[in-house]
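Asker: Got a predicted model here, sequence first, then my questions.
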Amino acid sequence: MISDPQGTILALFLTFCRIGTCVMVLPGFSSGRLPPQIRLFLALTMSLAVMPMLWSTIYPKASAGDATYVGLIFSETLIGLMYGLMARLYTLGLQFLGTVISTMIGLSSPSGPDILDDSSETTVTALINLCAMMVLFILDFHHYVFRALIDSYSVVPFGGHIEVRATLVSVTDTLEQTTFIMLRLASPFILYALMFQFSIGFINKLAPHVPVYFISTPYLVMGGLFMLYLSIAELVTQFSDSFLSVYNGH
């Protein structure tokens, strides 16, 4: 029997603010293909599982029920959003990577519906997104995020002061590292496109009466798809291997 039902509910809600907000923006869990009810019950289940481990930390301040409770709701929601956003920003780099590859190999065709989200993406971007997310889930990336979220109660104490400057620095560092990683992964396709277009330009100067652009496009697409076929496994592997270095760095 629960001796203090009101305090227990208040403590559970504060746990839900941090855990639930992270789940709502976490890659894969925040997919538009996943019904909101499932995300809500998943976040609630995670909160119920975590609350006993953090009972001595959350309950004393939550059971008071004074005016500081509103501030705790705001701070806990912000912390959960920050931890989920770090992973979200890194996976959003896949859209940048897919767009660069599609443009470089001449497959910038009209966008279609994305497999994971409600946005419109090219076929190459959708393929890379799906493969990378499958590998991340196979490697249990969400376990690392949940572990870091539980450890955050010691890094960012419950009810403590939120360092806004440190949060902004973490976001900008994540964006910087994500951009560098995606450019590194897309670099073979960028070099391929530069060399191909440079060669086609020479051919066009030698034979200006030949419509080189229409003749060269099928070869550009064929060579780009062959490169993608050879490198997509290593591309997805390097993307998944870099996740922990980016996420654990913040």
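Answerer: Sure, I can see it. Residues are numbered from 1 along each chain as shown.

Asker: Point out where this structure drops to low pLDDT.
Answerer: 1-4, 63-67, 109-116, 118, 159-161, 210, 247-250 (pLDDT under 70).

Asker: helix/strand/coil for the residue located most distally from the centre of it?
Answerer: Here the centre of the chain is the reference, and by Cα atoms, centre = their mean the most remote residue is H209, at 48.3 Å. What DSSP: H, G, I helix; E, B strand; the rest coil gives for H209 is coil.

Asker: From F239, how far out is it?
Answerer: 45 Å (Cβ to Cβ, to the nearest Å). C-beta: built from backbone N, CA, C; applies to glycine.

Asker: Name the single longest helix found in this protein.
Answerer: Across the chain, the helix with the greatest residue count (assigned by DSSP state H) is helix 164-206.

Asker: Count the residues that sit near T99.
Answerer: Using other Cβ atoms under 10 Å, T99 has 18 neighbouring residues.

Asker: Just the element for it, please.
Answerer: helix 68-104 (DSSP states H and E).

Asker: Just the angle for that helix relative to helix 164-206, thanks.
Answerer: 10 degrees (axes from the mean of the first three to the mean of the last three Cα atoms, to 10 degrees).

Asker: who does helix 68-104 touch, helix- and strand-wise?
Answerer: Judged by 3 or more Cβ pairs under 8 Å, 6 or more residues apart in numbering; DSSP states H and E, the packing partners of helix 68-104 are helix 5-25, helix 55-62, helix 123-138, helix 141-155, helix 164-206, helix 212-247.

Asker: 6 Å - rerun?
Answerer: Secondary-structure packing of helix 68-104 (3 or more Cβ pairs under 6 Å, 6 or more residues apart in numbering; DSSP states H and E): helix 5-25, helix 123-138, helix 164-206.

Asker: what's the offset of it from the middle of its chain?
Answerer: In this view, helix 68-104 has its centroid 6 Å away from the chain centroid, taken as Cα atoms, centre = their mean, to the nearest Å.

Asker: what's the spacing between C22 and L44?
Answerer: From C22 to L44 the distance is 13 Å (Cβ to Cβ).

Asker: between the two, which one's more packed in?
Answerer: Higher neighbour count among C22 and L44: C22, with 30 against 16, using other Cβ under 10 Å.

Asker: hang on, isn't the more buried one packed against G80?
Answerer: Yes. Here C22 reaches G80: they are 4.2 Å apart, a contact under Cβ atoms under 6 Å.

Asker: just to revisit the earlier point, what's the angle between the longest helix of the chain and helix 123-138?
Answerer: Using the same axes, to 10 degrees, helix 164-206 lies at 140 degrees relative to helix 123-138.

Asker: Great, nothing more from me.
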